[in-house]
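Participant: What would the 3D arrangement of this be:
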Amino acid sequence: MEDAKEKESRVVRITDFSAPELDVYARLREVQLLNRHEPWKGIFIAESPRVIERALDAGCIPLSFLAEEKYLEKEAEELLKRCGDIPVYTAGMDVLAQITGYKLTRGMLCAMRRPLLKTVREVCADARRIAVLENVVNPTNVGAIFRSAAALGMDAVLLTPDCSDPLYRRSVRVSMGTVFQIPWTYLEGEGTWPEEGMALLKELGFRTAAMTLAEDSVSVDDPQLFSEEKLAVILGTEGDGLSADTVADCDYRVRIPMLHGVDSLNVAAASAVAFWELSGK
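Facilitator: Numbers count the residues shown, from 1 in each chain. Purely as a prediction, here's the structure:
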């Protein structure tokens, strides 16, 4: 067990916001952290004790830790015991407040190695209900959808290549770390979407349900949907919804009944309703 002296030896106190130790937290853009050209070198930032804990539980590898000094002997202590011999940076609030969003993190951030993505077949191997996101580009919506998927019975999430990255800081934070609890991957490399991607889902035994306002759609509480052995719930981009080709290729077109002249819900809200009704559990 690490004693106080050993922990103190790896704590680096930062007094200048321009210190290079803060680059990964304060100045590198999400696309730089992602590192698409060398994905095994990719990094993400976990914010708040709960999110860091869930990332560690999922086997994510910590690289460095940043916390306001007053948290090192409190909330951060148990987490640091799990992080091994990594640098621990600390600073006063006058320095940390300059990091965008820091005040929302409950005093700590952790830079972690991005896990390598699994294939669609691996992610879907034991799944009965999956969510498929088509071009959902808002990180807040992606995070909220993951939280609903984990809480309301989805076994996995698939994303088309143009979706926002689930490991963007905002997505991870909004998801409350559930991006580490539910299997997910991109449909990238599986051929074109929707043609070849949809064919793969059907090969894997999934019936497909497009969330849409189409006139021939069935209600989300239709018993036939609930009875399907394997179902993929497909949600579209903010504003425009699913593409016409995707809707045409699906086995079902599904709507959420609306009242008071409202035509639709935000995609994150719609996902929660759909997952609750269609989980099959």
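
Participant: you'd agree residue 127 is up against residue 230?
Facilitator: Yes: with contact defined as Cβ atoms under 8 Å, residue 127 counts as touching residue 230 (7.4 Å). C-beta here means a position set from N, CA and C on the backbone, and glycine is covered the same way.

Participant: Export the lengthiest strand in the chain to PDB, keeping only CA atoms.
Facilitator: Assignment by DSSP state E gives strand 61-68 as the longest strand of the chain. Extracted C-alpha coordinates of strand 61-68, given in PDB (Å, rounded to 0.1, in the frame of the first residue of the first chain):
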ATOM      1  CA  ILE A  61      -5.300   2.900 -18.100                       C
ATOM      2  CA  PRO A  62      -4.700   6.200 -16.300                       C
ATOM      3  CA  LEU A  63      -1.800   8.400 -17.500                       C
ATOM      4  CA  SER A  64      -1.900  11.400 -15.100                       C
ATOM      5  CA  PHE A  65      -4.200  12.900 -12.500                       C
ATOM      6  CA  LEU A  66      -5.100  16.500 -11.900                       C
ATOM      7  CA  ALA A  67      -6.900  17.700  -8.800                       C
ATOM      8  CA  GLU A  68      -7.400  20.700  -6.600                       C
END
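
Participant: That strand: partners in the sheet, and parallel or antiparallel?
Facilitator: strand 88-91 (parallel), strand 108-113 (antiparallel) (DSSP bridges).

Participant: what's next to the next helix or strand after the last one, contact-wise?
Facilitator: Next helix or strand after strand 108-113 toward the C-terminus (DSSP states H and E): helix 120-124. When contacts are taken as Cβ atoms under 8 Å, 6 or more residues apart in numbering, the neighbours of helix 120-124 outside the stretch itself are 130, 156, 158, 183-185, 187, 190, 200, 204, 206.

Participant: Could you rerun that using 6 Å?
Facilitator: 156, 183, 185, 190, 204 (Cβ atoms under 6 Å, 6 or more residues apart in numbering).

Participant: Just the buried ones from the residues you listed?
Facilitator: Buried members of the contacts of helix 120-124, scored by 16 or more other Cβ atoms under 10 Å, are 156, 183, 185, 190.

Participant: TSV for these, including pLDDT, distance to residue 164 and secondary structure?
Facilitator: Listed next are these as TSV, based on pLDDT from 0 to 100; distance: Cβ to Cβ, whole Å; DSSP: H, G, I helix; E, B strand; the rest coil:
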residue	pLDDT	distance to residue 164	secondary structure
156	98	18	strand
183	97	18	coil
185	96	15	strand
190	76	19	coil
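
Participant: Of those, which pair is most distant in space?
Facilitator: Greatest spatial distance among the buried ones among the contacts of helix 120-124 (Cβ to Cβ): 183 and 190, at 15.4 Å.

Participant: if I pick the residue most central in space within the chain, what's in contact with it?
Facilitator: The geometric centre of the chain, computed from its C-alpha atoms, lies nearest to residue 166 (Cα atoms, centre = their mean), at 3.3 Å. Contacts for residue 166 (Cβ under 6 Å, 6+ apart) come out as 142, 179.

Participant: Correct me if wrong, but it is in a strand.
Facilitator: No: applying DSSP: H, G, I helix; E, B strand; the rest coil, one finds residue 166 to be coil, outside a strand.

Participant: for it, phi and psi?
Facilitator: Backbone geometry at residue 166, expressed as degrees, to the nearest 10, gives phi -60, psi -20.

Participant: mind checking how far it is from residue 102?
Facilitator: 21 Å (Cβ to Cβ, to the nearest Å).

Participant: which residues in the chain form helices?
Facilitator: Using DSSP state H, the helices of the chain run over residues 4-9, 23-26, 30-34, 49-57, 75-81, 93-96, 120-124, 139-151, 169-175, 195-203, 223-227, 244-249, 267-278.

Participant: I'd like to know which elements the last one is packed against.
Facilitator: It stands for helix 267-278. helix 139-151, strand 231-235 (3 or more Cβ pairs under 6 Å, 6 or more residues apart in numbering; DSSP states H and E).

Participant: Report the mean confidence score over it.
Facilitator: Across helix 267-278, the average pLDDT comes to 96.

Participant: ok, now the fifth one?
Facilitator: Rounded to a whole number, the mean pLDDT of helix 75-81 is 88.

Participant: And the fourth one, by the same measure?
Facilitator: Computed over helix 49-57, the mean pLDDT rounds to 95.

Participant: Please shift the residue numbers so they start at 452 in all later answers.
Facilitator: Sure, I'll start counting at 452 from here, so that last one is helix 500-508.

Participant: Sweet, I'm off.
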